[in-house]
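>>> Need coordinates for the following:
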Amino acid sequence: MSYVISKNGKSKVFHRKSCMYVNQIRYCNKCTRKNDFKDFVIMGYRPCKYCFSLGYKYDCEIKGIDNFIGDANIKHMLIGDDLIILTEVGYWKINYSSEHTAFVLYHGNFYPDDENPERYITSEFHLQEDAGHSQTLMKFIKYIKSHDDFRLRQLNNIDNYPRKTLKEKKQYKRIKKKYDYFIMANTLRLISAKQKIKTDKRACVG
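Take a look at the predicted model:
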């Protein structure tokens, strides 16, 4: 990928070619290089805080994200510096790590609650280490869909899960616990949605 730098710039910042600050670099100093992201960091450059921000990337990638998701039951919302992803069975958060100079993915250990968005910020989550780091949001969106599609298939086929060996029994017990939690979460979600409808109706009548 190509990035833009100022040959005589003292700040040693590199930009995406679409960054609005590229236009502020004098033509004689403007230089486009095809070095890898890590190469610039090794050379002492730092990524532009504007064009490497999550909000900027979200605006650039949102059409591609929506096209990829299609009719799948996946929601995404930008809250502060975090991109929140909600699926039927999981909560995820993407943010930019200055330590890794890349986007990183976090997983929340609970099921989504559409009526309580503050939960997405205050709840505990862990780094999804096997997802690695990324310069694009789409990589993580694809990872999330694949991960949670597999989990959903497990939950929906819980009755057919093998339970002959000790290992299979332990695995079944672990998945059954998630299944029970999943059913409970969906039930509470439906109750909450019905209560909201009743409240809205009363407000309209009043």
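
>>> Which segments of the chain make up each domain?
Per the record, the chain has its domains at 3-47, 54-148, 157-205, by automatic domain parsing.

>>> Would you convert those domains into CSV that also reports mean neighbour count and mean pLDDT?
Where C-beta positions appear, they are placed from N, C-alpha and C, glycine not excepted. As requested, these are arranged in CSV below (neighbours: other CB atoms under 10 Å; pLDDT from 0 to 100):
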stretch, mean neighbour count, mean pLDDT
domain 3-47, 14, 86
domain 54-148, 16, 84
domain 157-205, 12, 72
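
>>> what's the residue lying closest to Arg26 once chain neighbours are set aside in contact with, if anything?
Here the nearest residue to Arg26 in space, its sequence neighbours aside, is Ser6; by CB to CB, 6 or more residues apart in numbering that works out to 7.6 Å. By CB atoms under 8 Å, 6 or more residues apart in numbering, the contact set of Ser6 is Val13, Ile25, Arg26, Asn29, Lys30, Cys31.

>>> Distance check, the most centrally placed residue in the chain against His133.
Taking CA atoms, centre = their mean, the centroid of the chain lies closest to Ile94, which sits 3.9 Å from it. As for Ile94, its distance to His133 is 11 Å (criterion: CB to CB, to the nearest Å).

>>> list the residues that contact both of the two?
Listed as contacting both Ile94 and His133 by CB under 8 Å, 6+ apart are Phe103, Val104.
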